[in-house]
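Student: Generate coordinates for the sequence data below:
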Amino acid sequence: MTSIQAIRGTRDILPSEIGNWQMIESVARQILGCAAYQEIRTPIFEQTSLFERGIGEATDVVGKEMYTFNDRGDRSLTLRPEGTAGVVRSYIEHGLHAQGGVQRLWYTGAMFRYERPQAGRQRQFHQLGVELLGSSDGRADAEVIAIATQILQTIGLKDLSLHLNSIGDASDRQHYREALVAYLTPFKEQLDPDSQTRLTRNPLRILDSKDANTQAILGNAPSILEYLSPASQTRFDALLALLADLGISSTLNSRLVRGLDYYTHTVFEIQSADLGAQATVCAGGRYDGLIPQLGGPETPAIGWAMGLERLVILLQHLQASPPSSVDFYVVSRGEAAEAQALKLAQSLRQAGFKTELDLSRSAFGKQFKRADRSGATACLILGDAEAESKTVQLKWLNSGEQSAIAQADLLANPQQLRQQLTQRST
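Tutor: Residues are numbered from 1 along each chain as shown. Predicted structure coming up:
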């Protein structure tokens, strides 16, 4: 019988590699909590119209990459291809805007796009994102960029660079769009097929083209920075000053232009020099036009998203797999010893120690080999003699030191035991 395998573009995250995922999530949760961001969890599928209106029908995401299906009620539903639209829908639906002030939200979870699978980009992928809704202040822009930078640096990433641009307000953007179309129209037949289509539907997306010939044509294209109004330029200059005050350097990238109509002013990417062609690990921007576009009140907002698969790849390049987090590995042999071992293991777990109990009933030699492979700091050994005397052999696996201790005394001073574990594990 043919075995069933994971669908192309999806992959299992195995216990041997989950450590980096958990570390990223733990760091992000701690940093975002300190910044007063609250977690929000939205459905994995939404009405298709949410993404058509929110992302735009002229985009590749909506036109080519969404997983869309009709349910049994003949409603068109879509697995979420990104997180912002769902968060904004929830913000409007539950009247979070009526609470007044700024809403700081964050999310993490699986997203879905039908793309060609490659390293760091799967058809089911995972994002961590933040949305700051209700403030047009440039400090909000600086805040979300600073938090993203802090998360990436705290998890251990190096060689990061912030690429930053301003696309101005709606008027600036319209003037630039007209200028870009005027420049590119004489070259239309030389553009790649996707860019030819975008020329009339979504011309700013042409700036993202990976086609070498199209990029060569864009070499002399006008820059969005030439079309910023004085007010937009002043705003952008103020953001650069705020980031400098925070010690965050940036690279001006006038080609960095989000191709969605609701984006305004700040757009940015954080890239890693260690990731190759898919260098972006975090991308975001200000989207003051999205909330009214989805039926809510005029509300300024800014956010970003990180691709967790890419972060994990980077961490794997920079370090070995995270060490085992097991404190004690418990081995036992004999009916009475096995019963006591179960009770002892559960007592350790309830006291907060990470404890693995060997359930194999195999010979001690085989259990000891598994204890060594587990990466545990210490091994607890119970045989017939220990069961009769109500003791346990405590063996420190890094040194081989071993001593007997009464089972009742093992947890007599949990703090001291934890200190011993810390000393022995370093």
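Student: Could you list the domains of the chain?
Tutor: 15-169+229-318, 328-425 (automatic domain parsing).
Student: pLDDT on the shortest one, on average?
Tutor: The one in question is domain 328-425. Mean pLDDT, computed over domain 328-425, is 94.
Student: Could you work out the end-to-end span of it for me?
Tutor: Counting by Cα to Cα, to the nearest Å, you get 11 Å between the two ends of domain 328-425.
Student: try stretch 355-374
Tutor: 11 Å.
Student: before we move on, what about stretch 244-256?
Tutor: 20 Å.
Student: doesn't I270 make contact with T280?
Tutor: Yes. Applying Cβ atoms under 8 Å as the test, T280 and I270 come out as touching, 7.2 Å apart. Where C-beta positions appear, they are placed from N, C-alpha and C, glycine not excepted.
Student: Looking at these two, which one has more neighbours?
Tutor: Each of T280 and I270 has its neighbours counted (other Cβ atoms under 10 Å); I270 has more, 24 against 15.
Student: in a strand, that's where the more buried one is, yeah?
Tutor: Yes. Per DSSP: H, G, I helix; E, B strand; the rest coil, I270 lies within a strand segment.
Student: I7 versus that one, what's the distance?
Tutor: Going from I270 to I7 by Cβ to Cβ, to the nearest Å gives 30 Å.
Student: ditto for T185
Tutor: 42 Å.
Student: Between those two, point out the one with more neighbours.
Tutor: Neighbour count, other Cβ under 10 Å: between T185 and I7, T185 has more, with 12 against 9.
Student: what sits against the more buried one?
Tutor: T185 sits next to L199 when contact means Cβ atoms under 8 Å, 6 or more residues apart in numbering.
Student: In the stretch 201-350 of the chain, where is pLDDT below threshold?
Tutor: 259, 261, 275-278, 320-324 (pLDDT under 70).
Student: what ranges do the strands span in it?
Tutor: 251-252, 264-272, 280-286, 301-307, 328-332 (DSSP state E, counting those that start in this stretch).
Student: Also the stretch 51-200 of the chain?
Tutor: Under DSSP E, counting those that start in this stretch, the stretch 51-200 of the chain gives strands at 67-70, 76-79, 103-112, 124-133, 160-166.
Student: Paired strands for the third one, with orientation please.
Tutor: When you say that, I think you mean strand 103-112. Strand pairing for strand 103-112, using DSSP bridges, gives strand 38-39 (parallel), strand 124-133 (antiparallel).
Student: I'd assumed Y107 was in contact with H126.
Tutor: No. Using Cβ under 8 Å, H126 is not in contact with Y107, being 10.8 Å away.
Student: For burial, what's the neighbour tally of Q5?
Tutor: 7.
Student: distance of it from R205?
Tutor: 35 Å.
Student: Mind checking the strands of the stretch 201-350 of the chain for the one nearest to I92?
Tutor: strand 301-307 (11.5 Å; Cβ to Cβ).
Student: before we move on, back to that, which one of the strands of the stretch 51-200 of the chain is the most hemmed in?
Tutor: Among those, ranked by average contacts under mean count of other Cβ atoms under 10 Å, first place goes to strand 124-133 (a mean of 22).
Student: Report the inter-axis angle for that one versus strand 301-307.
Tutor: Interaxial angle, strand 124-133 versus strand 301-307 (axes from the mean of the first three to the mean of the last three Cα atoms, to 10 degrees): 160 degrees.
Student: Averaged pLDDT, strand 124-133. What do you get?
Tutor: 97.
Student: how about JSON lines for the strands of the stretch 201-350 of the chain, with distance to S389 added?
Tutor: Below are these laid out as JSON lines (distance: least, Cβ to Cβ, whole Å):
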{"stretch": "strand 251-252", "distance to S389": "69"}
{"stretch": "strand 264-272", "distance to S389": "57"}
{"stretch": "strand 280-286", "distance to S389": "56"}
{"stretch": "strand 301-307", "distance to S389": "54"}
{"stretch": "strand 328-332", "distance to S389": "14"}
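Student: which one of those strands is the most hemmed in?
Tutor: strand 328-332 (a mean of 26).
Student: Let me see the contact set for D409.
Tutor: Counting by Cβ under 8 Å, 6+ apart, D409 has no contacts.
Student: Next, the buried residues of the helix or strand hosting it.
Tutor: With elements taken from DSSP states H and E, the one containing D409 is helix 407-410. By 16 or more other Cβ atoms under 10 Å, the buried positions in helix 407-410 come out as Q407, L410.
Student: Start at 329, not 1
Tutor: Will do, 329 is the new start, and the previous item becomes helix 735-738.
Student: just how off-centre is it within its chain?
Tutor: Distance of helix 735-738 from its chain centroid, counting by Cα atoms, centre = their mean, to the nearest Å, is 43 Å.
Student: Can I get that helix as CSV, trimmed to CA atoms?
Tutor: Extracted in CSV, the C-alpha atoms of helix 735-738 (Å, rounded to 0.1, in the frame of the first residue of the first chain):
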residue,chain,number,x,y,z
GLN,A,735,13.6,9.8,47.2
ALA,A,736,11.9,11.9,49.8
ASP,A,737,15.0,14.2,49.9
LEU,A,738,15.3,14.7,46.2
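Student: Following the chain onward from that helix, which element is next?
Tutor: Proceeding N to C from helix 735-738, the next assigned helix or strand is helix 742-753, under DSSP H and E.
Student: now that following helix and strand 656-660, what's the angle there?
Tutor: Using the same axes, to 10 degrees: helix 742-753 against strand 656-660 is 100 degrees.
Student: contacts for helix 742-753?
Tutor: Against helix 742-753 from outside (Cβ under 8 Å, 6+ apart): P651, D655, A679, G680, F681, T705, A706, W724, N726, S727, L738, L739.
Student: Please name the residues that touch the third one.
Tutor: To tie it back to what came earlier, the one meant is A679. L739, P742.
Student: how far away is it from A740?
Tutor: From A679 to A740 the distance is 11 Å (Cβ to Cβ).
Student: What sits closest to E637 if chain neighbours are left out?
Tutor: In space, and not counting its chain neighbours, E637 is closest to G448: 5.0 Å by Cβ to Cβ, 6 or more residues apart in numbering.
Student: What count of nearby residues applies to the one you found?
Tutor: The local packing of G448 (other Cβ under 10 Å) involves 20 other residues.
Student: gap between it and T477?
Tutor: Separation of G448 from T477 (Cβ to Cβ): 20 Å.
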